[in-house]
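1. Quick one, what's the 3D model for this:
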Amino acid sequence: MSEMNLFAPLGSLQWVEREKLRANDYNPNKVAEDNLQLLIQSILTNGWTLPIVVRPDYTIIDGFHRWTVAGREPLRTMLGGKVPVVIVDHHGNEAEDVYGTITHNRARGTHLLEPMKAIVKKLMDEGKTVKEIGKQLGMKPEEVFRLSGFTREEFLNLMTRDASGYSQAVVYTHV
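-> Alright, predicted model coming up:
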């Protein structure tokens with residue numbers, strides 16, 4: 001492995017036409033459609049925080065899914081058809097390109113159950129709605145329920161509390 005200038009990729013940061021980039025042919029990472037929608041939501045909420053990592057020929061090393069959603073509306077229009085990239089030059093060493101793809105993917109890790117439960121509980125304790133938590137974290141109401149630690153009844157009360165515009169049901173009987 002050759003010595004890498006750790007600052008070189010950030011020094012190459014630039015916005016380029018999305019169409020200049022192309023996928024590599026070895027990425028083992030697959031993302032479900034729900035997670036692609038979550039990625040779009042993340043970019044809309046946080047802005048574009050991670051550039052796409054490319055080789056000098058604009059083959060993607062990391063960021064294929066960011067590149068994918070950048071081609072969808074509303075991001076395509078909002079970004080003007082461009083994406084941010086940094087260039088990593090492994091000087092034609094394809095093995096180092098592959099290592100880069102895999103290590104970027106694996107270094108992101110996975111979410112552990114207990115910390116996620118604590119996060120959801122804290123958000124709910126702060127008054128965030130099930131709908132908002134679901135939207136921002138990419139969860140269905142059932143998943144929020146499982147992580148919330150609330151009983152079924154408490155959770156249903158929270159769900160109905162969140163439903164604005166509805167009134168209490170009234171039973172009328174004829175006498």
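
2. Which helix or which strand is home to residue 27?
-> According to DSSP states H and E, residue 27 maps onto no helix or strand at all.

3. contacting residues for it?
-> By C-beta atoms under 8 Å, 6 or more residues apart in numbering, residue 27 lies in contact with 60, 64, 101, 105. Quick note: C-beta positions are derived from backbone N, CA and C, even for glycine.

4. cool, and residue 53?
-> Residue 53 makes contact with 9, 60-63, 85-86, 88, 100, 104, according to C-beta under 8 Å, 6+ apart.

5. if you set the cut-off to 7 Å instead, what comes out?
-> 61-63, 86, 88, 100, 104 (C-beta atoms under 7 Å, 6 or more residues apart in numbering).

6. From the contacts of residue 27, keep the buried residues only.
-> Buried members of those, counted by 16 or more other C-beta atoms under 10 Å: 60, 64, 101.

7. from those, which single one is nearest residue 40?
-> Taking C-beta to C-beta as the measure, residue 40 lies nearest residue 64 of the buried ones among the contacts of residue 27, at 14.6 Å.

8. what's the spacing between the closest one and residue 131?
-> Residue 64 sits 30 Å away from residue 131 when distances are taken as C-beta to C-beta, to the nearest Å.

9. okay if I get the buried ones among the contacts of residue 27 as JSON lines plus secondary structure?
-> Listed next are the buried ones among the contacts of residue 27 as JSON lines, based on DSSP: H, G, I helix; E, B strand; the rest coil:
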{"residue": "60", "secondary structure": "strand"}
{"residue": "64", "secondary structure": "helix"}
{"residue": "101", "secondary structure": "helix"}
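
10. mind listing what's buried in the helix or strand where residue 77 lies?
-> Element membership for residue 77, per DSSP H and E: helix 75-78. Neighbour-count burial for helix 75-78 flags residue 75 (criterion: 16+ other C-beta under 10 Å).

11. neighbouring contacts of that helix?
-> Against helix 75-78 from outside (C-beta under 7 Å, 6+ apart): 40, 43, 69-70.

12. In terms of secondary structure, what does the strand ranked longest in the chain contact?
-> Secondary structure of the chain per DSSP state E: the longest strand is strand 82-87. Helices and strands touching strand 82-87, by 3 or more C-beta pairs under 7 Å, 6 or more residues apart in numbering; DSSP states H and E, are helix 8-11, strand 14-17, strand 52-54.

13. could I get the second one in PDB with only the CA atoms?
-> The one in question is strand 14-17. Output in PDB follows, covering the C-alpha atoms of strand 14-17 (Å, rounded to 0.1, in the frame of the first residue of the first chain):
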ATOM      1  CA  GLN A  14     -15.600  20.100  -6.200                       C
ATOM      2  CA  TRP A  15     -19.100  20.100  -7.600                       C
ATOM      3  CA  VAL A  16     -19.300  18.200 -10.900                       C
ATOM      4  CA  GLU A  17     -22.100  17.100 -13.200                       C
END
